[in-house]
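[1] Next input, structure requested:
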Amino acid sequence: MTEWQILEGIDPATSEFPAEATLGCETILVFRTANGYRGTEPLCPHQKVPLKTAVLMSGDTMIRCSRHHFIFRLDGGAGVNCTGMRLTTYPVREVDGRLEGALPDIEDQARQTGAVVPAP
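    This next block holds a predicted model:
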């Protein structure tokens, strides 16, 4: 079950994106895309370069790191031109003029990476 949390300090109407937010104990970056909002880990998984200067591309469905041009899908974080690398992504939604984010579901993460999810 997805537990949504308010992302304090981000106003969808006035904030500059990408914007940093705290979700649980994690710092995330929130991007405004053509289809709404999406959160990512703040550093590229390749060499931990800040993604604050990353470029949205392919209709805002992917993000490209500005240092080595590694590309990741925003719907799950799979590396496009860096096979085997994965960017952690977070669902973000706008509700009543505020943004809410959710930590990735463990089962969804396992499916995205191909890991086996143990039965309860």
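
[2] If the most centrally placed residue in the chain is in a bridge, with which residues?
    With distances taken as CA atoms, centre = their mean, the residue of the chain nearest its centroid is T40 (2.3 Å). Counting by DSSP bridges, T40 forms beta bridges with L29, T89.

[3] Quick check, it in contact with E26.
    No - contact between T40 and E26 fails when scored by CB atoms under 8 Å: they sit 10.9 Å apart. C-betas here are computed from N, CA, C, even on glycine.

[4] For the residue nearest to the centre of the chain, which residues are in contact?
    Listed by CB atoms under 8 Å, 6 or more residues apart in numbering, the contact set of T40 reads 28-29, 31, 51, 63, 72, 74, 77, 87-90.

[5] Could you identify the buried members of those residues?
    By neighbour count, with 16 or more other CB atoms under 10 Å, those hold 28-29, 31, 51, 63, 72, 74, 77, 87-90 as buried.

[6] Let me have the residues you listed in a markdown table, adding distance to G97 and pLDDT as columns.
    Formatted as a markdown table, these follow (distance: CB to CB, whole Å; pLDDT from 0 to 100):
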| residue | distance to G97 | pLDDT |
| --- | --- | --- |
| I28 | 20 | 96 |
| L29 | 21 | 97 |
| F31 | 18 | 97 |
| L51 | 26 | 97 |
| I63 | 25 | 97 |
| F72 | 29 | 97 |
| L74 | 23 | 96 |
| G77 | 28 | 96 |
| L87 | 28 | 96 |
| T88 | 27 | 96 |
| T89 | 23 | 96 |
| Y90 | 20 | 96 |
